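Peer 1: Sequence plus predicted model, see below.
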Amino acid sequence: MNRVLLTTFPGAFMHDGGGEREIHLLNEALNRSGMISDIYGPSSRSINAYQSAIHFSMAGGSEHVITSAAENGLRLILWPNLWFVESPSPESIQQLKFLLGYFHAVVFRSKAEEDHFRHYLDLEGKDIIRVSPLISPKFFRKDVTDVFRESYGLDSYAIWTGIIEPQKNQLAAVRVFNELEMDLIISGGVRDQSYADECKRQAGSNIKFIPAIPFGSEQHLSALAHSKMVVELPFDFPGTSAIESAALGTKLLLSKSDWTEEMLGPYCTQVDPFNDNEIQNAAVHLLQQHKTQHALPQNNFVNMFDAISPLVHYLQSM
């Protein structure tokens, strides 16, 4: 039986962001596939009980767990989650090259992500595993209840879910929705308290901040499915949460990027996250539409149990 250890950098689980959820989704999907998968921690087995390790992120602090896995003879697979908003320093690139040297294979979930990675780092000699984004089957449900709107006493609203930090750019949405007659709900954990405080300071009465909604819960599905639009304007790219919203049939206002075009193309409205006027004009246009821009064909995306097939085949072939 192939045993797989999922690892990441220390402190990764201090916030419930998309990357942290992705580890749990992969763990669930691998175990469902017939493999034995554990997330590294107090309840995982001794490291030499595993044949392979999948490491999430190339953030600093990963060195110890990576070298330990390598020294114990595990086959190492990198799930990089790497996207630079600004060009990295030569020193940072050297450190990333050093870490990359430990890995036998690298996983990519989009061509945009792979192209971005290759722009900075050489993948010669590495096996490449391409998987689809991990989407829980919960987001392919029909007839989601309206419990979220009813719970918060809302009429109509736009929503932004996810970690609150400068790179995610919630402040742009705050500025724009201050000028609109529409409630904006911002829900998520705080990674940068001073930034979150500034967002709240600038927010008008129509902008409401609520705690992070439990992922995949009826409240979460309801909040997305019954919103007038889902807003995500990060400086990198929106990510899996935007696909989850699209699968529920929600209108999307997203940052323009190669990833957005590749994954959602005509099924969303793309804007320059640095341009408030462009964001506002697009938001007004979306609010005037009575229907979703395009019905997203559900066969454009597969659920996470099918998405990981290439990874499972790779692990089984070792």
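Peer 2: That came in fine, so what should we check first?

Peer 1: From now on I want contacts and neighbour counts done on CA atoms only, so please keep to that.
Peer 2: OK.

Peer 1: Could I get the CA-only coordinates of the helix or strand that contains E91 as PDB?
Peer 2: Assigned by DSSP states H and E, E91 belongs to helix 90-100. Output of helix 90-100 as PDB, limited to C-alpha atoms (Å, rounded to 0.1, in the frame of the first residue of the first chain):
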ATOM      1  CA  PRO A  90      18.400  36.900  -7.200                       C
ATOM      2  CA  GLU A  91      18.900  35.700  -3.600                       C
ATOM      3  CA  SER A  92      15.300  34.500  -3.500                       C
ATOM      4  CA  ILE A  93      15.700  32.700  -6.800                       C
ATOM      5  CA  GLN A  94      18.800  30.900  -5.600                       C
ATOM      6  CA  GLN A  95      17.000  29.700  -2.500                       C
ATOM      7  CA  LEU A  96      14.100  28.400  -4.600                       C
ATOM      8  CA  LYS A  97      16.500  26.600  -6.900                       C
ATOM      9  CA  PHE A  98      18.100  25.000  -3.900                       C
ATOM     10  CA  LEU A  99      14.800  23.700  -2.600                       C
ATOM     11  CA  LEU A 100      13.600  22.600  -6.100                       C
END
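
Peer 1: now that helix, how far from the centre of its chain.
Peer 2: Centre-to-centre, helix 90-100 and its host chain are 24 Å apart (C-alpha atoms, centre = their mean, to the nearest Å).

Peer 1: Likewise for stretch 179-199?
Peer 2: The answer for stretch 179-199 is 18 Å, by C-alpha atoms, centre = their mean.

Peer 1: residue contacts, S255?
Peer 2: Contacts for S255 (C-alpha atoms under 8 Å, 6 or more residues apart in numbering) come out as 232-235, 237-238, 270-273.

Peer 1: how does it look with 7 Å?
Peer 2: Applying C-alpha atoms under 7 Å, 6 or more residues apart in numbering, we find S255 in contact with 232-234, 237-238, 270-273.

Peer 1: Name the residues of stretch 310-318 that come out as buried.
Peer 2: Of the residues in stretch 310-318, 311-312, 315 count as buried by neighbour count, 16 or more other C-alpha atoms under 10 Å.

Peer 1: Those residues in helices, which ones?
Peer 2: With helices taken from DSSP state H, the overlap with the buried residues of stretch 310-318 comprises 311-312, 315.

Peer 1: Please identify which of those is nearest to S205.
Peer 2: If you rank those by distance to S205 using C-alpha to C-alpha, L311 comes first, at 47.1 Å.

Peer 1: quick one: the helices in the chain?
Peer 2: 18-32, 63-71, 90-100, 111-120, 147-151, 170-177, 193-202, 218-225, 240-247, 258-263, 276-288, 304-307, 309-317.

Peer 1: and those as TSV, adding distance to I128 and mean pLDDT?
Peer 2: Shown next, in TSV, are these (distance: least, C-alpha to C-alpha, whole Å; pLDDT from 0 to 100):
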stretch	distance to I128	mean pLDDT
helix 18-32	18	90
helix 63-71	19	90
helix 90-100	13	94
helix 111-120	9	96
helix 147-151	41	95
helix 170-177	34	98
helix 193-202	37	98
helix 218-225	33	97
helix 240-247	20	94
helix 258-263	18	95
helix 276-288	36	96
helix 304-307	15	95
helix 309-317	10	96
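
Peer 1: Now tabulate those helices in TSV and tack on distance to G41.
Peer 2: Listed next are these as TSV, based on distance: least, C-alpha to C-alpha, whole Å:
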stretch	distance to G41
helix 18-32	13
helix 63-71	11
helix 90-100	21
helix 111-120	28
helix 147-151	34
helix 170-177	32
helix 193-202	27
helix 218-225	28
helix 240-247	25
helix 258-263	32
helix 276-288	42
helix 304-307	23
helix 309-317	22
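
Peer 1: For W83, find the nearest of the ones you listed.
Peer 2: helix 111-120 (7.0 Å).

Peer 1: Much appreciated, bye for now.
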